[in-house]
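# next one to model:
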Amino acid sequence: MKDAYYFSHDSNARHDMKIKEMRCVYGGEGYGWYWMLVEIMREQSDYKLKYDGQYSAQIYADELGTTPEKAKRFIDDCINEFGLFTGDGKHFWSESFLRRMEKVDNVRERLIDAGKKGAEIRWGSNSTLNSTPIAVKESKVKKSKVKNKYGDYVTMTKVEYNKLVTLIGERNTKSCITKLNDYKGAKGKKYKSDYLAIRNWVIKEVTGKPTSAWEMDKPVVRKCKNCGKSLENEIRNGVHHCYECDAPIKEA
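Residues are numbered from 1 along each chain as shown. Below is the predicted model of the structure:
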């Protein structure tokens, strides 16, 4: 189909531990549903799906060929139980897919930038295209520092979120974000860095252990040099690239 959007799909994605956990409950049908939802995400401009209205479950049920109750239960489990998706109460999305598409978008921007520079050379320095490559470069710099919103008040970069997941696990990370989100909403508090606020006091409030204790107790594991994710599952499965960002895993 000429209007279809392309995205890469690992041939061994079924070996990812999160996928395996989901398949233990939903089987091959759930595996198909998961990729259908990712395909729908690919069609959105921000790669996120709306999930806050009374008709959301019905819409996804129609896409998946199931009932609204089953569709809602599956999406909720993918967010809360398996960690395949992330949700903020209004949308849900795949962190790993966002990282993949960020790489694709960056490549696309570089190609556009190169094309405009080529046009500038062909048409001369007086061309009205002169200012365009600069604008594209600036947007790329801003994009690399963009912060995602978690809940109504908490913001942090993808790298910061992944660091917390590596340190205390995804479930604790989500609990810490909820704690800080509620606190900021109730008190009107603002921080220069929500990530540092979570490290400084929220982790201890939620888990009972300060960040320093978590760092001391954390076993030494290999991490992806690109996104910081633990490579435990990849190494166990003999995979030579990071499941999250596709970066190659170099031999130790």
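
# contacts and neighbour counts: CA atoms only from here.
Noted.

# domain parsing for this structure?
Domain ranges of the chain: 13-93, 97-144, 148-237, per automatic domain parsing.

# select, out of those, the one closest to residue 249.
Across the domains of the chain, residue 249 has its closest neighbour in domain 148-237 (7.2 Å, C-alpha to C-alpha).

# output the lowest mean pLDDT helix or strand found in the protein.
Scoring the helices and strands of the chain by mean pLDDT, DSSP states H and E places helix 132-144 at the bottom, with a mean of 50.

# tell me the helix or strand right after that helix.
Next in sequence after helix 132-144, counting helices and strands by DSSP states H and E, comes strand 148-150.

# quickly run through the sheet partners of that next one, with directions.
Taking DSSP bridges as the criterion, strand 148-150 pairs within the sheet with strand 154-156 (antiparallel).

# heading C-terminal from the partner strand, find the next helix or strand.
If you walk from strand 154-156 toward the C-terminus, the next helix or strand you reach (DSSP H and E) is helix 158-168.

# list the buried residues of the next helix or strand after that next one.
Following helix 158-168 in sequence order, the next helix or strand is helix 170-187 (DSSP H and E). By neighbour count with 16 or more other C-alpha atoms under 10 Å, helix 170-187 contains the buried residues 170, 172-174, 176-182, 184.

# out of the residues you listed, who's nearest residue 39?
Among these, residue 170 lies closest to residue 39 (C-alpha to C-alpha), at 24.0 Å.

# for that closest one, what are its contacts?
83, 164 (C-alpha atoms under 8 Å, 6 or more residues apart in numbering).

# quick one: mean pLDDT for the helix or strand containing residue 235?
Using DSSP H and E, residue 235 falls within helix 232-237. Mean pLDDT, helix 232-237: 68.

# now do stretch 104-114
The average pLDDT for stretch 104-114 rounds to 72.

# same deal with stretch 245-252?
74.

# which outside residues touch it?
Against stretch 245-252 from outside (C-alpha under 8 Å, 6+ apart): 96, 99-100, 224, 226-227, 240-242.

# neighbour-wise, give me the winner out of these.
Compared across the contacts of stretch 245-252, residue 242 has the highest neighbour count, 24 neighbours, by other C-alpha atoms under 10 Å.

# I figured that one hits residue 222, correct?
No. Contact status for residue 242 versus residue 222: not in contact, 11.1 Å apart, counting by C-alpha atoms under 8 Å.

# pull out the buried residues from stretch 98-110.
98-101, 109-110.

# closest to residue 197 among the contacts of stretch 245-252?
Closest approach between the contacts of stretch 245-252 and residue 197, by C-alpha to C-alpha: residue 227, at 21.0 Å.

# check the secondary structure at that closest one for me.
Under DSSP: H, G, I helix; E, B strand; the rest coil, the three-state class of residue 227 is coil.

# which residues touch residue 32?
Residue 32 touches nothing, counting by C-alpha under 8 Å, 6+ apart.

# ok, residue 83 next?
18, 170.

# just the pLDDT at it, thanks.
Residue 83 carries a pLDDT value of 91.

# am I right that it falls within a helix?
No. Residue 83: not assigned to a helix; according to three-state DSSP it is coil.
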